[in-house]
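J.: Please work out how this folds:
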Amino acid sequence: MRAPFVVLRGISTAAAMATKPIPIILIGASQEVGRKVTESFKSHFEVIQFMDSFPKAQENLPSILAGKGPKTPSDNDIGTHDYSKTPRAVIFGRRYNQEQVKELNGLCSGTESAPVAWITGDPAVEPPAQPGPDYASKTAGLVMDAFKKWENAGGKSDILLY
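T.: A predicted model of the protein is given here:
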């Protein structure tokens, strides 16, 4: 059984991140937002693959986290698709609910080739109906804070909320 969700608030983004972008998997509802978030993440995270559906994540995420690459080719050009790098985090957009995150976390449990942070939106925070121009960069900051908190805690497999 995985540890409960951890809510993160008020953590400084001033904490230094590694100079080399951290490889991640990004799971979101739309390619349009996925592109913007991927761009906002570039200085801190390297999106290896973006998935825009729960079934795609169910099919491909365990294999990618095991270091084998996806079972089916990506249907988008978002991310580097460099599967030689081990993902350090799986990051979910706010349109994915906690049950979906828990299901994927359970499906992937034990398949990871290295510790992986699971980071998802806090269900108590309603996503904006129309994200503004700074939404992706603000989200990137929250996600970076969550990852740093996970890393500083020794890379425990809690599901973190941003």
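
J.: Give the residue spans of this structure that score low on pLDDT.
T.: In the predicted model of the chain, residues 1-18, 157 satisfy pLDDT under 70.

J.: Can you show me the helices along this protein?
T.: 31-41, 54-65, 98-108, 135-152 (DSSP state H).

J.: can I get these in CSV with mean neighbour count and distance to Ala117?
T.: Backbone N, C-alpha and C define where each C-beta goes, glycine included. Formatted as CSV, the helices of the chain follow (neighbours: other CB atoms under 10 Å; distance: least, CB to CB, whole Å):
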stretch, mean neighbour count, distance to Ala117
helix 31-41, 19, 14
helix 54-65, 18, 12
helix 98-108, 16, 11
helix 135-152, 20, 4
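
J.: Looking at these, which is nearest to Lys85?
T.: Closest to Lys85 of the helices of the chain, according to CB to CB: helix 54-65, at 10.2 Å.

J.: Need the contact partners of that closest one.
T.: Around helix 54-65, the neighbours that count as contacts under CB atoms under 8 Å, 6 or more residues apart in numbering are 25, 27, 48-49, 51, 69-72, 75, 83, 87, 90, 96, 100, 103-104, 107-108, 111-113, 116.

J.: Put the buried members of those residues into a ChimeraX selection.
T.: To isolate the buried ones among the contacts of helix 54-65 in ChimeraX, judged by 16 or more other CB atoms under 10 Å, type:
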select :25,27,48,49,51,69,70,83,87,90,96,100,104,108,112,116
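
J.: The contacts of helix 54-65 in strands, which ones?
T.: With strands taken from DSSP state E, the overlap with those comprises Ile25, Ile27, Ile48, Gln49, Met51, Val90.

J.: Tell me which two in these are the farthest apart.
T.: Ile27 and Ile48 (11.7 Å).

J.: I'd like to know how far Lys20 sits from Glu39.
T.: Noted for Lys20: a distance of 18 Å to Glu39, by CB to CB, to the nearest Å.

J.: With adjacent residues omitted, what lies nearest to Lys68?
T.: Tyr83 (7.6 Å; CB to CB, 6 or more residues apart in numbering).

J.: give me every residue that touches that neighbour.
T.: Residues near Tyr83 by CB under 8 Å, 6+ apart: Ile48, Gln49, Ile64, Gly67, Lys68, Gly69, Pro70.

J.: Go through these and say which is closest to Phe147.
T.: Ile48 (14.7 Å).

J.: does that closest one really touch Ile25, like I thought?
T.: Yes: between Ile48 and Ile25 there is a contact at 6.0 Å, judged by CB atoms under 8 Å.

J.: Much appreciated, bye for now.
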